[in-house]
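1. okay, sequence plus prediction incoming.
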Amino acid sequence: MGNNQSQLLLVSQNLSVDEFRVYLTGENIKVDFYQNNVQRLIESKAYADYHLVCIDNELIPPGYSKQQLCTLLNVGVVFVNFGPYHDLNANALLNPPCDYDEIHWPSSKEQLHNSLQMALYKLHVRRQHSHQNDLLTNTVSCIGDVLIYLDQQGNINTLNDTAQRLFAADEAEVRAKPWYTVLKIRPDMSSKLTQQFIATAIKVQTVTKIQPIAIQTTDDSSQLVDGIIAPIKYPNGIDGVVLILRQLSSLDKIPKALGLPSKGQGKSFKQSAVSGILLLSPDYFDQINLRFGREFGDKLLYAIGELIRDFVRPTDLSSHYGGTMFMIMFAESSAEQINNIVGKLHKNLSEYQFFDEKIKLPFSVGVSVNSEQKCYSPVELFYYANFSLSQARDLGGAQTRQWQQVNTMLQIGNLDRLSGNVSKTGISDYQKMLMQWSILNYLDEIEQSQAFYLALLQQLMNGFELDDAAIFEIDNDKIKLLQATDHKEPNLLAEAIVFSQNQLDFISQISQTGNRKVTENQIFTSVLNDSGIELILPIKANLSSKYFLWLKTKQDDSIQVRDKHTLYNIGNYVGVKIEQFANHKPPVAMANNQLDFWYQSFEMEQLMAEVAMVAPTNATVLITGESGTGKEMLAKSIHLASRRKDKPFIIFDCGAVVENLIESELFGHTKGAFTGAEKNVAGCVQRADGGTLFLDEIGELPIEMQVKLLRFVQEKQYSPIGSGKYKKVDVRLIAATNVDLQQQIKMGKFREDLYYRLNVFNLKNIPLRHRKSDILLIAQSYLKVFADEYNKLINDFSHQAKLALVDYQWPGNIRELKNLVHRAIIVCNEELLQCKHLALYPSSVKQAEQSLINSEASVASTTNNYPVVNKPDVRAMYQPAILNSENIINNQDEHNKVNASEQTLRLASQLITASIAADNHLHSLAISPWIELLLYQHCLENNQQVAIQAANQLNIAESTFRRRWKKLQSVAAPQNLTVTELAKRFANQIIKIDSGQSKIQMMQTILANACNTERLAVKLSSRLLDVSAPTLRRLLTNPCSA
């Protein structure tokens, strides 16, 4: 039994402990006797300190098998049989293996010894298997425990138990059906390409990472999952595919209204309120922890979070997402506004000196932005920002990268290409991210205060896994419950919430109007006696009454220290909403003959002179111009200046009406004309009789309807649906569009004859950026309108804000300006509107900080004038006693002094390093042919596809150019996005170098010298350049004339 003494417990009514000990003479075993029955032994767990337990067969409790007892006790077990003798091993082959041993009594010393040894051996094997199973279970849970087995066509073979429970699916019912029968993509939160992506990955049968997607598991439930698609071979030798899914978060409490528009929703669908997501992280933060300790690092992260929280607008939400990563969700902002904010924030963070000017840090930033053309789901938007952040880090850090749309299908078959670079995200982090998304998208639209409070509390309950939540108002020192809820009841009673004296003291401080420090920088935390915490979060609102949130959770870790930044921002956001509820008054309706149409520029004076000329006539007018320039206002100006000003002005938006309803809406219909037509209905044409009909977005009108509109435009006659008679009306027609109708005609999307009948008199509205002198006039006019609407004493814009307004290019024109001022008024509680309220900054602040990506790249590339961290310099950052990012980030002036050869060689080294890192197996390592192809393409584009001119730019013979161009057509692009981007930048740098040398040879020479600088082996360098070893040596002897 070994040198260590074993402990044995005897449970028997037929055998004494002394008699049993006689058979163990010479064994290193200590024997104790248990006097109670086996049931009592189980309940008391008296066996826990023993290695072995010997149990009398006659004492086995009813309902227990020997195997069940052995598993329950989890020690070595020997059952002692006192009955008639029979061979216990006679039927061993017929019985399943067991984890215990048995002996007959009386027995011999040798038999007892062997039986005890066997029981201990089986215990060892059982525990080893149990440990391995635990490891396997934990491993599988990291990858995913939902398994869907498919054949090669993507039809279901089988589901494991977890999958059947998740999808409420019976395996027999779904067998042989397509995979999407059970894996139903939730369309409002996932890209329309998701199903196509999975289907293609299944067909290709290669290991592919499934990024987080939203799926509908049942009619009432949905989940956020990620996973892997992998090929497998079934026991019968047939190939198949397995989908391994990991459950990340429930989406049951995420409103379905906040996702993506479905195909049929058209323009009426509200775009996502979340305009973009920013993720940022300090670079090389692990070195901070190594040098100063984890506690210091945590304090520094908290300080970074405070700086970010103070910077963002109250209606944006920021949070310490996890690890060293911080997140900002931008609400209803244009891409240009987000660029402004990101540039300014990056500058502030990089220049800020933490802890008494002892530490400056470089930061990497990743950004993803929604637009009218592309609206991402919350999960996609976050993932793309995360990917962009990783790209910024990979390129050396201290820079910003923005996601640009990339062909999603390129991700198939490359498991590590995206997932390996992206920061890890925990399940609770996903929940909190989706909570913030819901607050911005869903809650912002709620106009009733009580409904807003309840929806807010429900989102907080879900995001932070709370047990109870409430919002209170303090009015004249009286605490009034506004709304409360818990995880069971829709509304928690006020009597159920009892404040301690310490909590009441804190609430009293909140009620003191002058004590802003408490309301802005403190969350009162109470630790509960049993477990969990209660939080009181002051809400910042400039009202006589004060407000606070009360949150309770029984889980000690559901709200962490880093979550305080998120809570602070939510408190600020709620304060803005409360102010809106308290101060908002309906805007005074404008009289029919009044317009909020302000201008003073010469350009607008000329345009309005044209309006004055055409208005008194009946001529049809076509208004063209960019979206948001005020084409409708211009049309109404024409109407009000005409003899028809007292008659109807009817607007028909050609792009907002479902196609099959356009004719009915425009021309009306008669009773019985179609199913559901229960009466005669007048269309817009009839209602405009005597007045003006304004056809907005005429370029969106379907080609079939253009034929029917043509007769009306020419003859002023129309026929309602269901009527064979034509009616004549007296209508002045004005049309407007923001698309090039002549281009539409060439594409066959607009009728030429209709265009000429509409374009009798053309007015081209002027973009706001071309009428600079009107910008401040319009902005100040809207400031007065909205300040009055919200009862705010805001008098003007600050000087810097005025500079920013004039400097901005206004891609959304007047509509964007109006919305921007409206939003700024809501969040501003000062007498002057500042840059931070507008999220705009003058260009003088941003000159060297425009670090967002060049839009020409398929993915974003770092702005060339932004200093980039060189990894070899990182060690220097931590040598001095005082940390300073200037030790590792080149000063911009010094950066500009670096000559072309140094810049190019440095870029070549980065490219080589990235190429090697991207291809560990050296299958597609050659980078030189791809760069050569880029050089050829660039020169052809620069020279209108004329081969001889392109060859001259490359300083090579035309015959060489044509021969190599043909061979280069088979060269494939690198699979790694970082390598692709660096290769483009390197090729562009080669083009810029003014030298009589062949640019192809120059490129190869620089790459060869970079390989030599990196001390690469000759074989590896030859692979990179796709040349022989002798050619490589010859390149190294050539002077680098870059």
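-> That came in fine, so what should we check first? Residues are numbered from 1 along each chain as shown.
2. state the mean pLDDT of stretch 231-247.
-> For stretch 231-247, mean pLDDT is 88.
3. quick one: residue 642 from residue 469, how far?
-> 58 Å (C-beta to C-beta, to the nearest Å). From N, CA and C alone the C-beta is placed, and that goes for glycine too.
4. so for those two, which residue has more residues nearby?
-> residue 469 (26 against 19; other C-beta atoms under 10 Å).
5. identify the bridge partners of the more buried one.
-> residue 485, residue 551 (DSSP bridges).
6. which ones are touching it?
-> Counting by C-beta atoms under 8 Å, 6 or more residues apart in numbering, residue 469 makes contact with 457, 460-461, 484-486, 549-552.
7. from the residues you listed, which two are the most distant?
-> Between any two of the contacts of residue 469, the greatest separation by C-beta to C-beta is 14.3 Å, found for 486 and 549.
8. more neighbours: which of those two?
-> Remark: of residue 486 and residue 549, residue 549 carries more neighbours, 22 against 18, as counted by other C-beta under 10 Å.
9. which of the helices or strands spans that one?
-> strand 546-553 (DSSP states H and E).
10. other SSEs contacting that strand?
-> helix 449-464, strand 468-475, helix 501-511, strand 533-539, helix 563-583 (3 or more C-beta pairs under 8 Å, 6 or more residues apart in numbering; DSSP states H and E).
11. which one of those lies closest to residue 680?
-> Among these, the nearest to residue 680 by C-beta to C-beta is helix 449-464 (39.4 Å).
12. counting by contacts, list what that closest one packs against.
-> Here helix 449-464 touches helix 427-441, strand 468-475, strand 478-486, strand 546-553, helix 563-583, going by 3+ C-beta pairs under 8 Å, 6+ apart.
13. any idea how far it is from the chain center?
-> Taking C-alpha atoms, centre = their mean, to the nearest Å, one finds the center of helix 449-464 at 22 Å from the center of the full chain.
14. angle of it against helix 427-441?
-> If you take axes from the mean of the first three to the mean of the last three C-alpha atoms, to 10 degrees, helix 449-464 sits at 160 degrees to helix 427-441.
15. any buried residues in helix 449-464, and which?
-> Across helix 449-464, burial judged by 16 or more other C-beta atoms under 10 Å covers 449, 452-464.
16. so what does the helix or strand containing residue 241 touch, helix or strand wise?
-> Residue 241 belongs to strand 239-250 when assigned by DSSP H and E. Packing partners of strand 239-250 (3+ C-beta pairs under 8 Å, 6+ apart): helix 109-143, strand 146-150, helix 194-204, strand 208-218, strand 221-233, helix 427-441.
17. what's the angle from the last one to helix 563-583?
-> Yep, that's helix 427-441 we're talking about. Counting by the same axes, to 10 degrees, helix 427-441 lies at 20 degrees to helix 563-583.
18. about what we covered before: spatially, which two of the buried residues of helix 449-464 are the most separated?
-> Across the buried residues of helix 449-464, the longest distance by C-beta to C-beta is 22.2 Å; it joins 449 and 464.
19. quick one, what contacts residue 1024?
-> The contact partners of residue 1024, taken as C-beta under 8 Å, 6+ apart, are 912, 915-916, 925-928, 1007, 1011, 1016.
20. and the pLDDT at it?
-> On pLDDT, residue 1024 comes in at 84.
21. how close does it sit to residue 906?
-> For residue 1024 relative to residue 906 (C-beta to C-beta), the value is 16 Å.
22. cool, and residue 335?
-> Using C-beta to C-beta, residue 335 is found at 31 Å from residue 906.
23. now the residue nearest the centre of the chain, what's its secondary structure?
-> The centroid of the chain falls nearest to residue 382 when counting by C-alpha atoms, centre = their mean (1.4 Å). Three-state call for residue 382 (DSSP: H, G, I helix; E, B strand; the rest coil): helix.
24. pLDDT weak spots in the stretch 151-300 of the chain?
-> Within the stretch 151-300 of the chain, the stretches with pLDDT under 70 are 187-193, 252-273.
25. go again with 80.
-> Across the stretch 151-300 of the chain, the ranges flagged by pLDDT under 80 are 186-197, 204-206, 209, 211-212, 218-220, 248-274, 289.
26. tell me who's in contact with the residue nearest to residue 954 when sequence neighbours are not counted.
-> Excluding the flanking residues, the one nearest residue 954 by C-beta to C-beta, 6 or more residues apart in numbering is residue 999, at 4.8 Å. Residue 999 sits next to 935, 953-956, 990-991, 993 when contact means C-beta under 8 Å, 6+ apart.
27. need the phi and psi values for residue 999.
-> When read as degrees, to the nearest 10, the backbone of residue 999 gives phi -70, psi -30.
28. test my guess that residue 965 contacts residue 936.
-> Yes: Residue 965 is within contact range of residue 936, at 5.6 Å (criterion: C-beta atoms under 8 Å).
29. between those two, tell me which one has more neighbours.
-> residue 936 (23 against 17).
30. tell me where the stretch 851-1000 of the chain has strands.
-> In the stretch 851-1000 of the chain, no strands are defined using DSSP state E, counting those that start in this stretch.
31. re the thing from before, out of the buried residues of helix 449-464, which one sits closest to residue 749?
-> Nearest member of those to residue 749, counting by C-beta to C-beta, is residue 455, at 42.7 Å.
32. isn't the closest one up against residue 441?
-> No: using C-beta under 8 Å, residue 455 is not in contact with residue 441; the gap is 11.3 Å.
33. just send the helices and strands packed on strand 239-250 back as a markdown table, with mean neighbour count and distance to residue 352 too.
-> Formatted as a markdown table, the helices and strands packed on strand 239-250 follow (neighbours: other C-beta atoms under 10 Å; distance: least, C-beta to C-beta, whole Å):
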| stretch | mean neighbour count | distance to residue 352 |
| --- | --- | --- |
| helix 109-143 | 14 | 37 |
| strand 146-150 | 20 | 45 |
| helix 194-204 | 18 | 40 |
| strand 208-218 | 22 | 33 |
| strand 221-233 | 19 | 35 |
| helix 427-441 | 22 | 25 |
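34. in JSON lines, list those along with distance to residue 811.
-> Listed next are the helices and strands packed on strand 239-250 as JSON lines, based on distance: least, C-beta to C-beta, whole Å:
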{"stretch": "helix 109-143", "distance to residue 811": "44"}
{"stretch": "strand 146-150", "distance to residue 811": "44"}
{"stretch": "helix 194-204", "distance to residue 811": "30"}
{"stretch": "strand 208-218", "distance to residue 811": "30"}
{"stretch": "strand 221-233", "distance to residue 811": "34"}
{"stretch": "helix 427-441", "distance to residue 811": "22"}
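35. out of these, which is closest to residue 647?
-> With C-beta to C-beta as the measure, helix 427-441 is the member of the helices and strands packed on strand 239-250 nearest residue 647 (41.7 Å).
36. may I have the closest one exported as PDB, CA atoms only?
-> Presented in PDB, the C-alpha positions along helix 427-441 are these (Å, rounded to 0.1, in the frame of the first residue of the first chain):
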ATOM      1  CA  ILE A 427     -20.100  37.300 -22.000                       C
ATOM      2  CA  SER A 428     -20.900  40.000 -19.400                       C
ATOM      3  CA  ASP A 429     -19.100  42.500 -21.600                       C
ATOM      4  CA  TYR A 430     -21.400  41.700 -24.500                       C
ATOM      5  CA  GLN A 431     -24.400  42.100 -22.200                       C
ATOM      6  CA  LYS A 432     -23.300  45.600 -21.200                       C
ATOM      7  CA  MET A 433     -22.400  46.600 -24.700                       C
ATOM      8  CA  LEU A 434     -25.900  45.600 -25.900                       C
ATOM      9  CA  MET A 435     -27.500  47.400 -22.900                       C
ATOM     10  CA  GLN A 436     -25.800  50.600 -24.000                       C
ATOM     11  CA  TRP A 437     -26.900  50.100 -27.600                       C
ATOM     12  CA  SER A 438     -30.500  49.600 -26.500                       C
ATOM     13  CA  ILE A 439     -30.400  52.700 -24.300                       C
ATOM     14  CA  LEU A 440     -29.200  54.900 -27.200                       C
ATOM     15  CA  ASN A 441     -31.400  53.300 -29.900                       C
END
